[in-house]
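*Asks:* Okay, predicted coordinates and the sequence, questions at the end:
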Amino acid sequence: FQAEDGIRDRSPSRGLGDVYKRQPFKWMSSIPWVGEKIGNTQLYYTPSAFNASMNFNERLSQKTPRKGKSSPDDYNFGLNQTYSMDYRLTESINTKYGRAVVSNMNDNRGYIPVALAKGDFGFITDITENFNSSFAPTIQDWLKPTFNYSANYRWNKSRDSNIEGANIGNQLRFSSGISLSPVRLVELIYKPSSGRSVPQRQTTRPPPVRSRTRNPGERFSEEEDIQGMEAVNRDELEKQEKEEKQKKSKLADSKLLKGVHGFARKITPINLSYTENINKTGMGVLGSVPFAYRLGTQRDHGLDHSSQVGTNTGNFDHRRDFSIRSGLNLTRSMSISFNFGQNISSNLRGSGTEQRSMSRDYLSYGSHLDKGFPFVGWSLRLTGLERNKFIGKFFRTMSLDHATNGKETRAWQFDKFAGSKISFLDI
């Protein structure tokens, strides 16, 4: 089935999002390198799944003692609402959203159906919202990035609490990673041949071309016409193959490119990762929390706090981590790996006190190690030492490992500090 704005998937449906899809970037297929993949991107404009559920939990406890008056009834009617939606925008972009609401409807005892018909869900005690999104495109064989984002929000207000307002919390996490293959990158320009084939002599001679004479007015048979056409096509193919061999690129014989390709093969894939975590809490928050704050796109909720909480209005914790890893395979038995990591964190309390810390890989020197600079850590591994005739007499296997890792850690504490933030690159 074909519609004006989409094509129905003929394969078994996996949800609403598989019903209609289209390729809006088809016009970009002519762009070099990435145009074909962008042009084949399929856009799904309907959710792949949507779920909604509502659970009721009613409990009544009545106790009658042998003597004296009966105890008051212990009644509880809980209502749980759950909503979730999965939306696959493209083959590499997936998003999920979920919302759960817990409420108490004790005050509507005996009139619960009427209250629900009016949209009254009782006293809401808990609200949780979850949002997750992932993006993992395969741009080229040498470049494979991944991106993930998640937001977890919670709103809580106890039925028996004497403090006005609600307590909120929001946890945000963004992680990204890139894997870069140097040898794949070099092979975009130069790729060595797998091997030269040795020419072989032909042991049989091509069949001689037979000719026949025909009398005036006599025509060749259909079989002879076909044989003549095949001979012509064979000659054309052989001619094209000779031309292609003559037009062989000079890059295949370049010693410089061969050396660059050989060195790139020794480099292991370069992996870069960046992670950012934010944990925000709020105490005694008054009013409705904006949706942008719940998803993490807005830093502050912009609402007032109850005067009953004093200066304990909440915390703001922010942490950033960066790392890069790679290595060299010098020989079959010798390899060296490199890594560098750095993280920065800050914690701001509602009272105005802020704590900051920084840690990174560091190479220190001096009599008291009071000098140094940021540098990678490394580890060297040498295997196969038992192949040595002298060592092999005493040891069955033997390897040598060496590693160097240094760390620099700094910490600060401020009281109502109004200065600039810590720069991730300039410390």
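*Replies:* Cool, got the structure.

*Asks:* Can you classify Thr138 as helix, strand or coil?
*Replies:* Here Thr138 is recorded as coil under DSSP: H, G, I helix; E, B strand; the rest coil.

*Asks:* Strands of the stretch 101-250 of the chain, residue ranges please.
*Replies:* 123-135, 143-156, 166-180 (DSSP state E, counting those that start in this stretch).

*Asks:* closest one to Glu236 among those strands?
*Replies:* Minimum separation from Glu236 across the strands of the stretch 101-250 of the chain (Cβ to Cβ) falls at strand 143-156, 40.8 Å. The way it works is simple: take the backbone N, C-alpha and C, and place the C-beta from them, glycine included.

*Asks:* Okay, buried residues for the closest one please.
*Replies:* Lys144, Phe147, Asn148, Tyr149, Ser150, Ala151, Asn152, Tyr153, Arg154, Trp155 (16 or more other Cβ atoms under 10 Å).

*Asks:* Closest to Ser175 out of those?
*Replies:* Distances from Ser175 to the buried residues of strand 143-156, taken by Cβ to Cβ, are shortest for Asn148, at 4.8 Å.

*Asks:* Please verify my assumption that that closest one contacts Ser176.
*Replies:* Yes - counting by Cβ atoms under 8 Å, Asn148 touches Ser176, with 7.5 Å between them.

*Asks:* what do those two both touch?
*Replies:* Counting by Cβ atoms under 8 Å, 6 or more residues apart in numbering, Asn148 and Ser176 have no contacts in common.

*Asks:* what's Leu272 in contact with, if anything?
*Replies:* Contact analysis of Leu272 by Cβ under 8 Å, 6+ apart lists Gly177, Ile178, Leu180, Phe322, Ser323, Ile324.

*Asks:* circling back: out of the buried residues of strand 143-156, the closest to Thr404 would be?
*Replies:* Looking across these and measuring by Cβ to Cβ, the closest to Thr404 is Lys144, at 29.7 Å.

*Asks:* count of residues packed around the nearest residue to the closest one once chain neighbours are set aside?
*Replies:* Among residues not flanking Lys144 along the chain, Ser179 sits closest, at 4.7 Å (Cβ to Cβ, 6 or more residues apart in numbering). For Ser179, the neighbour count with other Cβ atoms under 10 Å is 14.

*Asks:* any weak-confidence spans in this structure?
*Replies:* 1-29, 32-36, 38-39, 139, 193-235, 241-253, 419, 424-427 (pLDDT under 70).

*Asks:* Now do the helices in the stretch 301-427 of the chain.
*Replies:* Along the stretch 301-427 of the chain, counting by DSSP state H, counting those that start in this stretch, helices occupy 389-392.

*Asks:* Now do the same contact list for the closest residue to Pro137 other than its chain neighbours.
*Replies:* In space, and not counting its chain neighbours, Pro137 is closest to Ser92: 4.8 Å by Cβ to Cβ, 6+ apart. Applying Cβ under 8 Å, 6+ apart to Ser92 gives the contacts Phe135, Ala136, Pro137, Thr138.

*Asks:* nearest residue to the second one other than its sequence neighbours?
*Replies:* In space, Ala136 comes closest to Thr146 once its chain neighbours are excluded; the distance is 4.6 Å by Cβ to Cβ, 6+ apart.
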